[in-house]
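Novice: Quick one: sequence and predicted model below, then my questions.
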Amino acid sequence: MLLAARSNAQTTIRLTQVPAQTPKAATLYLAGSCNNWNPGSEAYAFTKTSSGTYQLTLPATLIGTLDFKITRGTWPTAEADAQHQDIANRQYVIDKKAATLELQVASWKDSGGASGQVACTSTALKPQVQVLDSAFEMPQLQRKRRIWLYLPLDYAASSNKRYPVLYLHDGQNVFDACTGFSGEWGVDEALSQLQQKALDTGSIVVAVDNGGDQRLNELSPWRNAEYGGGQGDQYVDFMVETLKPYIDAHYRTLTGREFTGIAGSSMGGLISTYAALKYPQVYSKVGVFSPAFWFAKQPLFEYVRQHPANPGTRFYFVSGTTESETMAPLMQAMRDSLQRNGVPAANLAYSTPPDGKHAEWFWKREFPAAYSWLYQLGAASNSDKGPRPLPYSAALNQAQNQLALQLPEGTRKARLEIFDQAGRVVLKKKARTRTGVAVGHLPKGNYLLRVSAGKQTGSQTLVKR
């Protein structure tokens with residue numbers, strides 16, 4: 001863990017050799033535990049010397065273990081081995097003495113060619129994984145972002161089947177080692193294997209790329225005085241008000257909160273927890289991997305007390321015991337706080353493997369267990385008490401002011417109700433297997449949709465723009 005201390009003699013990192021194909025105008029950066037792994041941090045940019053080497057003098061306040069990599073400003077252009085494949089994080093212990101660390105960069109992940117031709121072989125499972133849009137509009141943040149999509153193995157063949165959805169952050173690292181900064185989660189392979197073994201009926205996964213230098217800003221609703229933050233509200237609003245409605249309108253999803261999850265690691269764990277608290281009628285499953293709760297400790301825990309989680313929401317917490325001094329203790333404190341505020345112990349999973357690291361390989365290893373618990377596969381679902389949630393789909397056509405509701409075949413005596421934010425019923429209607437509902441008379445805003453059929457119910461947030 002890298003710590004800050006009083007001023008010490010400074011450490012200089014010198015790159016004595018870089019790949020011959022490195023563009024002459026390229027700026028090289030250090031990304032690591034000292035700057036929250038920002039691949040293009042100007043404060044950690046190397047200076048090119050007249051001899052052709054690159055040099056960076058670290059701040060005098062840094063002392064302790066530094067984990068890092070060299071990049072050309074993005075993770076797809078990070079350093080790699082001679083075959084252009086990922087390498088392990090570099091590590092160096094900084095003490096109070098002046099020191100010079102000389103390093104060599106063997107290659108870049110994209111081969112460093114001026115043509116931009118990628119040498120890395122994609123590991124994304126085709127045709128299940130696709131890029132939904134390389135520049136999806138994020139009106140809440142006035143930005144654009146690449147969105148990835150995983151469709152289950154039987155999606156094309158089972159034209160009447162609908163699926164749960166899991167939303168993930170840091171989409172670069174979810175499916176493909178070529179775009180991940182240090183490996184990938186292998187979510188596509190994991191879910192496909194579960195489906196092939198008949199352990200799961202399949203889920204759709206939507207992964208949102210992080211914003212590079214905007215990552216810390218977007219993944220925390222509160223500002224950290226040293227690192228930034230503060231745009232997390234707009235980010236989670238984007239996912240609920242823009243991205244989810246688009247996915248539900250264009251793909252065969254089960255739209256209810258009971259079938260919708262969100263997960264992420266580090267800052268992604270922080271924002272996933274916050275999203276579930278702010279939008280309790282959107283998400284019912286939360287995967288929290290190695291959460292960076294330290295980034296916004298005080299406001300986050302205060303928010304938990306002021307905005308208790310939906311008791312039916314399932315939280316899966318996992319981190320290594322030695323990732324940092326505060327990681328596991330804060331994760332445990334979050335679990336305990338959620339329980340004190342109404343979430344039953346049965347809906348809170350907590351795991352601290354002693355070998356866990358703040359790394360993609362660890363989250364890849366832990367993902368199948370987290371997913372299986374959150375989506376209650378196998379024995380977990382058989383032990384669940386009470387009626388099963390209603391597997392319905394509801395998508396709002398904003399242009400036509402029409403809500404399209406689809407229920408399971410053979411559903412009888414169903415009804416839908418729409419509530420405003422004050423809890424008042426603003427629309428009530430009997431529903432058939434396929435029902436169209438005019439909602440033009442409703443003002444713009446967020447509503448709660450509840451659908452009932454016999455003993456089964458389902459609910460979700462409905463956004464009318």
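Specialist: Cool, got the structure. Numbers count the residues shown, from 1 in each chain.
Novice: C-alpha from now on. contacts and neighbour counts both.
Specialist: OK.
Novice: show me the contacts for the residue most central in space within the chain.
Specialist: Central residue of the chain (C-alpha atoms, centre = their mean): His169, 2.0 Å from the mean position. Residues counted as contacts of His169 (C-alpha atoms under 8 Å, 6 or more residues apart in numbering) are 207-210, 263-265, 268.
Novice: Make JSON lines from those residues and add secondary structure to it.
Specialist: Conversion of these to JSON lines gives the following (DSSP: H, G, I helix; E, B strand; the rest coil):
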{"residue": "Ala207", "secondary structure": "strand"}
{"residue": "Val208", "secondary structure": "strand"}
{"residue": "Asp209", "secondary structure": "coil"}
{"residue": "Asn210", "secondary structure": "coil"}
{"residue": "Ala263", "secondary structure": "strand"}
{"residue": "Gly264", "secondary structure": "strand"}
{"residue": "Ser265", "secondary structure": "strand"}
{"residue": "Gly268", "secondary structure": "helix"}
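Novice: tell me the least confident of the residues you listed?
Specialist: Looking at the contacts of His169 by pLDDT, the weakest one is Asn210, with 93.
Novice: nearest spatial neighbour of that residue, skipping sequence neighbours?
Specialist: Asp170 (4.7 Å; C-alpha to C-alpha, 6 or more residues apart in numbering).
Novice: I'd say that neighbour and Ser266 touch.
Specialist: No. Using C-alpha atoms under 8 Å, Asp170 is not in contact with Ser266; the gap is 10.0 Å.
Novice: Quickly list what Thr65 is bridged to.
Specialist: Val93 (DSSP bridges).
Novice: How many residues are close by it?
Specialist: Close neighbours of Thr65, defined as other C-alpha atoms under 10 Å, add up to 16.
Novice: Asn89 is in contact with that one, correct?
Specialist: No. If you go by C-alpha under 8 Å, Thr65 and Asn89 don't touch, sitting 11.9 Å apart.
Novice: how about the strands of the stretch 351-465 of the chain, start to end?
Specialist: Secondary structure of the stretch 351-465 of the chain (DSSP state E, counting those that start in this stretch): strands at 393-397, 402-406, 414-419, 425-431, 434-438, 445-453, 456-464.
Novice: contacting residues around the fourth one?
Specialist: Translated: strand 425-431. Contacts for strand 425-431 (C-alpha under 8 Å, 6+ apart): 413-420, 442.
Novice: swap the cut-off to 10 Å and go again
Specialist: By C-alpha atoms under 10 Å, 6 or more residues apart in numbering, the surrounding residues in contact with strand 425-431 are 405-407, 411-420, 435, 437-439, 441-442, 447-453.
Novice: Okay, domains of this protein per the record?
Specialist: For the chain, the TED database gives the domain ranges 11-108, 129-375, 393-464.
Novice: Could you say which of these is packed most deeply?
Specialist: domain 129-375 (a mean of 20; mean count of other C-alpha atoms under 10 Å).
Novice: Please export the C-alpha coordinates of stretch 39-53 as CSV.
Specialist: Taking C-alpha atoms only, stretch 39-53 is exported to CSV below (Å, rounded to 0.1, in the frame of the first residue of the first chain):
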residue,chain,number,x,y,z
PRO,A,39,-3.4,5.9,-17.3
GLY,A,40,-3.1,9.5,-18.5
SER,A,41,-2.3,11.5,-15.4
GLU,A,42,-0.4,14.7,-16.3
ALA,A,43,1.1,14.8,-12.9
TYR,A,44,2.8,11.5,-13.7
ALA,A,45,3.9,12.1,-17.2
PHE,A,46,7.5,11.3,-18.2
THR,A,47,9.8,13.9,-19.6
LYS,A,48,11.7,12.9,-22.7
THR,A,49,15.4,13.7,-22.5
SER,A,50,17.8,14.7,-25.2
SER,A,51,19.4,11.2,-25.1
GLY,A,52,16.1,9.6,-25.9
THR,A,53,15.3,8.2,-22.4
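Novice: sorry, back to before: any idea which of the contacts of His169 is closest to Ala346?
Specialist: Checking the contacts of His169 against Ala346 with C-alpha to C-alpha, the nearest one is Ala263 at 18.8 Å.
Novice: For Val174, see how far away that closest one is.
Specialist: 11 Å (C-alpha to C-alpha, to the nearest Å).
Novice: any shared contact partners between these two?
Specialist: With contacts taken as C-alpha under 10 Å, 6+ apart, Ala263 and Val174 have 168, 207 as neighbours in common.
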